[in-house]
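> Predicted structure and sequence below. I'll ask about it afterward.
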There are 2 protein chains.
Amino acid sequence: MREREVIKLLSERLPIGDDCAAIPFKKTHLLLTTDMLHRQTDFPDKITPYTMGWRAVAVSLSDIAAMGGKPLGVVMALGAPKFERSLIEGLVAGATACCKLCQTGLLGGDTDRHDELTIVTTALGTTDRPTSRRGAQRDDLVGVTGDLGRTAAALRLFAEDKAEQANELLCFLPRLEEGQAIALWASSMTDISDGLARSLYQLGEASDVGFRLDATAIPFALEIEELARDQEELFEMGLYFGEDFELLFTLPQKYLLDARRLCEFTIIGQVVPREREIRMQLGSDWLTVEDRGYEH
Amino acid sequence: MREREVIKLLSERLPIGDDCAAIPFKKTHLLLTTDMLHRQTDFPDKITPYTMGWRAVAVSLSDIAAMGGKPLGVVMALGAPKFERSLIEGLVAGATACCKLCQTGLLGGDTDRHDELTIVTTALGTTDRPTSRRGAQRDDLVGVTGDLGRTAAALRLFAEDKAEQANELLCFLPRLEEGQAIALWASSMTDISDGLARSLYQLGEASDVGFRLDATAIPFALEIEELARDQEELFEMGLYFGEDFELLFTLPQKYLLDARRLCEFTIIGQVVPREREIRMQLGSDWLTVEDRGYEH
């Protein structure tokens, strides 16, 4: 089965569908999310242990952000073929630095010999009102935080032997402050782990809506605007490559100014009734946003 | 570095040392624990997907039990070379059955292609008063729940082609009820994931105490009493093999009857001042309990 089919099968048997599990507890909600990263699919050759540790934590904290949550702690399970001191120290330094910046801590974990370097992080968070992927309404605005394509740019920079710059790009900041602010007003939210295109289709399916985008409004990262040879490649890197971990959300129009006062984001389109395809306007053309993205 | 050295290095940098991280939250504590299991070291050839799913969940819930906690939920990250329907369905059935028996739920997860079948489960729990590995006092009694050596017996049964019986033995029940009851009275507690011997040394180090055991009181599983050819092998399977996931705890003598009223356990010895070695009495002999056990 493909990953998508597996998730469908699991979602028939388990109460899943959002970035985190939300567990009612003492008049609030606990958020719990787990992510597996490993050498072959998630870590380019020249990534440093620091960046791996940072990224492993940041990926899970991004899921907490997508539900409007505040983090309470992170644990990490680490499998490695060889426990070299430099690997462990680098991983822990990156992971704790990311935690610290997000005002949380790396609180424990498990270590195991494993043929392939494998890191699984789990983040715990809390929110009074979890924001889900369901709830987008016709005419809501579609917004994203930050800019798109930085992981795609990083991989290109690795190939060009600019490892330092690439590592910096990969140490992304989970959008926790933005998530908590946007959650006050948003009708739905998710993080863009599989790329903007795929995340839009997921949000559309969960909320039973469609989207129309303004391609010229999409905030592509400066790095991919420089690196991409043409528009096709720009879209490939910015819409489909994935692993950007920005927040994608829908917002009732009347709350736009309230939300703007609390954090920065870009409006890229509008919610419409569900259609077979999501389309984006580029000048006088309407282009199809394809339902594809990062698959593990 | 060996696993023990890695843990030492990590414990210098991170606030770890117990079975779970304990996070103060709304006048109680949240417990968070993560465990990595994978094909090569944790899953014998003829283990069923059901047993793997059960065991992955049970291992994490056992850590919640060891802190006296009540589970709130479990998430699972699954890496597999091929997502076959029978594998996924079996894993989910085993995992959810174990959760159900423990009055909790499998609430979410992550899936990923991985060369080696790898399952990381994380359990969330809560307790008003977490029981740690520190706190054992001289003259306290030493107790264990259940009986020891069932995983060792299961591996032997696999080798003898008795896969069904072996799978049953591996689907152990996390000692959550016992853990919650014992936590009311215990001075320290842990689960015996690395074997009784190694767990005693860990508890002794954390509490700065020693132990004297009565070898004839140690509750060896019926299965290993039948399978072991001699006493040496019995001790090997029951004290050192590990992966038993019973609870090991220390109890002030005055609370023995209170604790007995709430659950079943066996008293196997007493806390003494710290010594270089832990010893156990067998008739008129004193044998050394070696500081070794299951290492991943």
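Looks like it arrived, so ask away.

> What parts of the stretch 51-200 of chain A come near chain B?
Neighbours of chain B within the stretch 51-200 of chain A, by C-beta under 8 Å from any C-beta of the partner chain: A:72-73, A:75-79, A:83-85, A:88-89, A:92, A:96, A:105-116, A:118, A:120, A:122, A:124, A:126. Placement of C-beta: from N, CA and C, glycine included.

> Produce a ChimeraX select command limited to the buried residues of the residues you listed.
Buried members of those, identified by 16 or more other C-beta atoms under 10 Å in any protein chain shown, are gathered into one ChimeraX selection as follows:
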select /A:72,73,75,76,77,78,79,83,88,89,92,96,105,106,107,108,109,110,111,112,113,114,116,118,120,122,124,126
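
> so of the residues of the stretch 51-200 of chain A next to chain B, which ones are in helices?
Per DSSP state H, helices hold the following members of these: A:85, A:88-89, A:92, A:96.

> Nearest to A:Ala22 among those residues?
A:Thr96 (26.5 Å; C-beta to C-beta).

> which one is the closest one nearest to, not counting chain neighbours?
A:Leu106 (5.2 Å; C-beta to C-beta, 6 or more residues apart in numbering or on different chains).

> Pull out the CA atoms of stretch A:99-108 and give them to me as PDB.
Extracted in PDB, the C-alpha atoms of stretch A:99-108 (Å, rounded to 0.1, in the frame of the first residue of the first chain):
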ATOM      1  CA  CYS A  99      13.300  23.400  22.600                       C
ATOM      2  CA  LYS A 100      14.800  26.400  24.400                       C
ATOM      3  CA  LEU A 101      13.800  28.800  21.700                       C
ATOM      4  CA  CYS A 102      10.300  27.400  21.900                       C
ATOM      5  CA  GLN A 103      10.300  27.700  25.700                       C
ATOM      6  CA  THR A 104      10.100  24.000  26.300                       C
ATOM      7  CA  GLY A 105      12.500  21.100  27.100                       C
ATOM      8  CA  LEU A 106      13.800  17.800  25.900                       C
ATOM      9  CA  LEU A 107      12.700  15.700  28.900                       C
ATOM     10  CA  GLY A 108      13.700  12.100  28.100                       C
END
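
> Spatially nearest residue to A:Ala80, not counting backbone neighbours?
A:Leu117 (5.1 Å).

> how many neighbours does the one you found have?
20 (other C-beta atoms under 10 Å in any protein chain shown).

> how close does A:Leu200 sit to B:Cys99?
33 Å (C-beta to C-beta, to the nearest Å).

> Please, where are all the strands along the stretch 1-150 of chain A?
A:21-25, A:28-38, A:70-80, A:106-113, A:118-127, A:141-144 (DSSP state E, counting those that start in this stretch).

> in its sheet, what does the third one sit against?
Using DSSP bridges, the strands paired with strand A:70-80 in its sheet are strand A:106-113 (parallel), strand A:118-127 (antiparallel).

> May I see these arranged in CSV, with distance to B:Lys8 and mean pLDDT as well?
Putting those into CSV (distance: least, C-beta to C-beta, whole Å; pLDDT from 0 to 100) gives the following:
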stretch, distance to B:Lys8, mean pLDDT
strand A:106-113, 11, 90
strand A:118-127, 20, 97
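
> who wins for proximity to B:Gln165 among those?
Of the strands paired with strand A:70-80, nearest to B:Gln165 by C-beta to C-beta is strand A:106-113, at 27.4 Å.

> Relative to the whole chain's centre, how far out is the closest one?
23 Å (C-alpha atoms, centre = their mean, to the nearest Å).

> got the domain boundaries for chain A?
A:3-127, A:141-289 (automatic domain parsing).

> Most tightly packed of those?
The highest mean neighbour count among the domains of chain A, using mean count of other C-beta atoms under 10 Å in any protein chain shown, belongs to domain A:3-127: a mean of 22.

> Please list the outside residues in contact with the helix or strand A:Leu213 falls within.
If you go by DSSP states H and E, A:Leu213 is part of strand A:210-214. Contacts to strand A:210-214, defined as C-beta atoms under 8 Å, 6 or more residues apart in numbering or on different chains, come from residues A:142, A:200, A:203-204, A:268-275, A:278-281, A:289.

> next one: stretch A:17-33
Against stretch A:17-33 from outside (C-beta under 8 Å, 6+ apart): A:11, A:15, A:60, A:62-64, A:66-67, A:69, A:72, A:122-130, A:132-134, A:190-191, A:206, B:26, B:28, B:30, B:72-73, B:75, B:107-108, B:122, B:124, B:126.

> now the strands paired with strand A:70-80 in CSV, with distance to B:Glu232?
Output for the strands paired with strand A:70-80, formatted as CSV (distance: least, C-beta to C-beta, whole Å):
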stretch, distance to B:Glu232
strand A:106-113, 28
strand A:118-127, 37
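
> Can you say which of those strands is nearest to A:His38?
Comparing the strands paired with strand A:70-80 by C-beta to C-beta, strand A:118-127 comes nearest, at 4.3 Å.

> Give me the distance between the closest one and the centre of its chain.
14 Å.

> now the angle between strand B:21-25 and it, please.
Interaxial angle, strand A:118-127 versus strand B:21-25 (axes from the mean of the first three to the mean of the last three C-alpha atoms, to 10 degrees): 10 degrees.

> remind me which residues of the stretch 151-296 of chain A are low pLDDT?
A:295-296 (pLDDT under 70).

> Out of the strands of the stretch 1-150 of chain A, flag the one nearest B:Glu168.
When the strands of the stretch 1-150 of chain A are compared (using C-beta to C-beta), the closest one is strand A:106-113, at 25.5 Å.

> and that closest one with strand B:28-38, angle?
20 degrees.

> Please identify the helix or strand for the residue sitting nearest the centre point of chain A.
By C-alpha atoms, centre = their mean, the mean C-alpha position of chain A lies nearest to A:Phe245, the distance being 2.5 Å. Assigned by DSSP H and E, A:Phe245 belongs to no helix or strand.

> Hmm, A:Val57 and it touching each other?
No - taking C-beta atoms under 8 Å as the definition, A:Phe245 is not a contact partner of A:Val57, at 11.6 Å.

> Look at A:Met189 and give its secondary structure.
When classified by DSSP: H, G, I helix; E, B strand; the rest coil, A:Met189 comes out as strand.

> wait, what's in contact with it?
A:Met189 sits in contact with A:66-68, A:131-133, A:179, A:182-183, A:247-250, where contact means C-beta under 8 Å, 6+ apart.

> redo that, cut-off 7 Å
The contact partners of A:Met189, by C-beta atoms under 7 Å, 6 or more residues apart in numbering or on different chains, come to A:66, A:68, A:131, A:182-183, A:247, A:249.

> Having no further points to raise, I will conclude here.
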